[in-house]
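**Student:** Curious how this folds, go ahead:
(2 chains)
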Amino acid sequence: MKTNIEQDKLVIAGHQFQSRLFTGTGKFATSDLMSQSLVASQSELVTMALKRVDLINQSDDILTPLLENNMKLLPNTSGAKDAKDAVFAAHLTREALGTNWVKLEIHPDPKYLMPDPIETLKAAEALVKDGFVVLPYMHADPVLARQLEEVGCAAVMPLGAPIGSNKGLVSQDFLEIIIEQANVPVVIDAGIGAPSHAALAMELGADAVLVNTAMAVSPDPIAMAKAFALSVESGRLAYQAGLGAVNQQAIATSPLTSFLD
Amino acid sequence: MSGFEQVLARYEWDQQQQRIEACTETQVVRAINRAAQAKKLSLDDFQALISPAAEPYLEHMAKVSQQLTQQRFGKTMLLYVPLYLSNMCSNICTYCGFSMEHKIRRTTLTMEQLAEEAQAIKELGFDHILLVTGESERKVGMAYFEQAIKLLKQYFNHISMEVQPLDTDEYRRLSELGVESILVYQETYHREKYAKYHLKGKKSDFDYRLATPERVGEAGINKVGIGCLLGLEDWRTDAFHVAMQLTYLEKKYWKMRFSLSFPRLRPCEGTAEINSPMTDRQLVQLICAYRLFNPQVELSLSTRESALFRDNMLALGVTTMSAGSKTQPGGYASDDSNLEQFSIDDNRSVAQVAQAITDKGYQVVWKDWQQGLNT
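**Tutor:** Numbers count the residues shown, from 1 in each chain, chains lettered A, B, ... in the order given. Reported below is the predicted structural model:
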């Protein structure tokens, strides 16, 4: 056995996670449904948009259930168009929610929500210096992943496909390079639309995945959350067990090397 | 000539109307299928979806519209409320209750009254407000806005404005003050007919109004809402122009967000009859067509429409709604309907609307912005 599967725990910035499935709070029909789905997913890290939560009273349809269920909060900076916005948002949440974890999201393009590489790198550097645990949402760009790692990000979160698109791992070839090169955990974020996509990400060697839309928008979010939990576990196990190579053709007798016999 | 004015100049209204009317069912089916496969639709596709040929396919359009909307926005509905600052107006517009020639009592909220109004609205649960005025540059101009916005920022995270078109520098100032969104409707894109509805005042300048979203974009404001007043001219042709302007703006201002509104003319004080009435069915067709054409655009439905219509539309493409609206200045803190711009149709309280949304299996969103972002 390559690794001790029982001992296989994800650690980010010193924090240990049992589950490699991260989730989000967007798009659910009710607060109850969100809460039950997140519980069913067994996720321990949940992201939510600063702009959506009531930071003053901290008793709204998103924050209350998360706090009640003891979930680790990963506030995100969605809505930020540049580094300045994102740094502002991160400080605001740290002050209000008492966590220094932040999912850094900077998308100046509100249509496809594509992450801005330049502003993200700038903000990541500043936030790490300010003592934040920074998990940046990024394009599947291997060079950028290395740069974000170098400025001190605790993990990188490259996209599989545009946010909410459910298109799966459109960026697979580049994700594989990122996974190969990374010295910090790689969390595949955005685009994962089906449990099979999540399983694939894990089989490729991703350390975790983040899923929101595919759960929240499913006709049965709770069942779908469970399906994702199983697929992430199964994908991880398969990765550890070691996948066989895919053979395009059977290996026949060896006419090219038979002269050696 | 503004950028979009040049685009508009390439289209001739009557020809465009004919093109829409000549669309075939084959074109409609193609457009619906493409949208269902999450493919980008062209303006030609949109033209087919708003054509008479699409009428038999309304149920199909509604299904795809629902699916696309849920995927992007989830099962959520953002609620906002209009806050009327003033009904002073120096325009004469033949369809509007604030029109200058109407002998109605004119009023502009003082800062004290505005604070009372803000407090009353805050107690209803809102965090997103839309400031509305007539057009009275001297009494309700930038100096007034500046004071009002500074006051309102103490209460609300998200402020939109639907006021007279302003200059780029003025929008820049509004952006600095924390205004997130500007709504400006062209009313009709039919240049000649526009002149017949807008008889006097600054609003009679078609091109200045047409270029407003571009000035908003240049000023770096986050979002612009466009639309036309349905009922003035052929709704299909006007809606086509809205889609065309949206396409133009999206390309030019890639950091901007957009919303579309589809107000239907409603009777109000002394207005002319509705020239081109639109049925409920046709409004559903238009809303679904907008959604299939653009899965990301926000679609906003006001209390001009009935409770029944709104409750059914909230699952078919709409993402934002007003609720409990009063269309007269000071309407929340006190109730004097004599001053209203138009009478609304959905008269339910905010709590009743929120309950209806919940009953449909949707979550009400009260807050979706944080002041301080984008400043």
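**Student:** Let me see the ranges of the strands in the chain.
**Tutor:** Just so you know, I chose chain A. Using DSSP state E, the strands of chain A run over A:10-12, A:15-17, A:21-24, A:45-49, A:72-76, A:101-104, A:133-138, A:157-158, A:187-189, A:208-211.
**Student:** that's the wrong chain, I wanted chain B
**Tutor:** Counting by DSSP E, chain B has strands at residues B:76-84, B:92-93, B:128-132, B:158-162, B:181-183, B:198-200, B:223-227, B:257-261, B:298-301, B:320-322, B:363-365, B:371-374.
**Student:** Can you list the low-confidence ranges for the chain?
**Tutor:** Using chain A. A:1-6, A:58-59, A:247-253 (pLDDT under 70).
**Student:** That was the other one, I meant chain B.
**Tutor:** Filtered on pLDDT under 70, chain B yields the residue ranges B:267-273, B:335-342, B:375.
**Student:** For the residue of it found nearest chain A, give its distance to B:Ser99.
**Tutor:** For chain B, the residue closest to chain A is B:Gly74, as judged by C-beta to the nearest C-beta, at 2.3 Å. Glycine gets a C-beta too; all of them are placed from N, C-alpha and C. Applying C-beta to C-beta, to the nearest Å, the value for B:Gly74 to B:Ser99 is 40 Å.
**Student:** cool, A:Leu74 as well?
**Tutor:** For A:Leu74 relative to B:Ser99 (C-beta to C-beta), the value is 52 Å.
**Student:** Who has more neighbours out of these two?
**Tutor:** Remark: of A:Leu74 and B:Ser99, B:Ser99 carries more neighbours, 24 against 21, as counted by other C-beta atoms under 10 Å in any protein chain shown.
**Student:** Which residue, other than its chain neighbours, is closest to the residue of chain A found nearest chain B?
**Tutor:** Relative to chain B, the nearest point of chain A is A:Lys27 (2.3 Å; C-beta to the nearest C-beta). Spatial nearest neighbour of A:Lys27, chain neighbours left out: B:Gly74 (2.3 Å); criterion: C-beta to C-beta, 6 or more residues apart in numbering or on different chains.
**Student:** So what does the one you found have for phi and psi?
**Tutor:** For B:Gly74, the backbone dihedrals are phi 70, psi -170 (criterion: degrees, to the nearest 10).
**Student:** Neighbours of it, how many?
**Tutor:** Count around B:Gly74 with other C-beta under 10 Å applied: 22.
**Student:** So A:Ala155 versus A:Met202, what's the distance?
**Tutor:** Plainly put, A:Ala155 is 15 Å away from A:Met202 if you go by C-beta to C-beta.
**Student:** And for A:Met138?
**Tutor:** Using C-beta to C-beta, A:Met138 is found at 19 Å from A:Met202.
**Student:** Same check on B:Trp366?
**Tutor:** Counting by C-beta to C-beta - B:Trp366 and A:Met202 are separated by 37 Å.
**Student:** what about those two, which has more around it?
**Tutor:** Neighbour count, other C-beta under 10 Å: between B:Trp366 and A:Met202, A:Met202 has more, with 25 against 18.
**Student:** surely the more buried one meets A:Val209?
**Tutor:** Yes. Applying C-beta atoms under 8 Å as the test, A:Met202 and A:Val209 come out as touching, 6.9 Å apart.
**Student:** In contact with residue 68, which residues?
**Tutor:** Picked chain A for this. A:Glu68 makes contacts with A:Ser35, as judged by C-beta atoms under 8 Å, 6 or more residues apart in numbering or on different chains.
**Student:** that's the wrong chain, I meant chain B
**Tutor:** The neighbourhood of B:Leu68, defined by C-beta under 8 Å, 6+ apart, consists of B:35, B:38, B:291-292, B:295, B:317.
**Student:** how about 7 Å then?
**Tutor:** B:Leu68 is in contact with B:35, B:291-292, B:295, counting by C-beta atoms under 7 Å, 6 or more residues apart in numbering or on different chains.
**Student:** Write out the residues of chain A neighbouring chain B.
**Tutor:** Residues of chain A lying close to chain B (C-beta under 7 Å from any C-beta of the partner chain) are A:26-31, A:50-52, A:54, A:61, A:79-81, A:85, A:88-89, A:92, A:108-111, A:164, A:166, A:213, A:216-217.
**Student:** Show the buried residues in those.
**Tutor:** A:26-31, A:50-52, A:54, A:61, A:79-81, A:85, A:88-89, A:92, A:108, A:110-111, A:164, A:166, A:213, A:216-217 (16 or more other C-beta atoms under 10 Å in any protein chain shown).
**Student:** Among those residues, name the ones in helices.
**Tutor:** Those of these mapping onto helices are A:31, A:85, A:88-89, A:92, A:213, A:216, per DSSP state H.
**Student:** Just give the nearest non-adjacent residue to B:His198, would you?
**Tutor:** Nearest one to B:His198, counting by C-beta to C-beta, 6+ apart, is B:Ser204 at 4.4 Å.
**Student:** Give me the neighbour count for that neighbour.
**Tutor:** 16.
**Student:** these two touch, right, it and B:Tyr194?
**Tutor:** No. Taking contacts as C-beta atoms under 7 Å, B:Ser204 lies outside contact range of B:Tyr194: 8.2 Å.
**Student:** Tell me who's in contact with B:Asp345.
**Tutor:** Residues in contact with B:Asp345, defined by C-beta under 7 Å, 6+ apart, are B:303-306.
**Student:** Same list, these, but as a markdown table with distance to B:Ile104 and neighbour count please.
**Tutor:** Formatted as a markdown table, the contacts of B:Asp345 follow (distance: C-beta to C-beta, whole Å; neighbours: other C-beta atoms under 10 Å in any protein chain shown):
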| residue | distance to B:Ile104 | neighbour count |
| --- | --- | --- |
| B:Thr303 | 20 | 23 |
| B:Arg304 | 19 | 22 |
| B:Glu305 | 24 | 22 |
| B:Ser306 | 25 | 14 |
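**Student:** show me what contacts A:Ser37?
**Tutor:** Per C-beta under 7 Å, 6+ apart, neighbours of A:Ser37: A:28, A:215, A:221-222, A:225.
**Student:** For those residues, which single residue is the most surrounded?
**Tutor:** Highest neighbour count within the contacts of A:Ser37, by other C-beta under 10 Å: A:Met215, with 30 neighbours.
**Student:** my read: A:Ile177 touches A:Pro142, true?
**Tutor:** Yes. At 4.4 Å, A:Ile177 and A:Pro142 qualify as touching, with contact defined as C-beta under 7 Å.
**Student:** more neighbours, those two?
**Tutor:** A:Pro142 (19 against 15).
**Student:** what about residue 226, neighbour count?
**Tutor:** Chain wasn't specified; assuming chain A. That count, for A:Lys226 with other C-beta under 10 Å as the rule, works out to 18.
**Student:** The intended chain is chain B.
**Tutor:** Using other C-beta under 10 Å, B:Ile226 is surrounded by 23 other residues.
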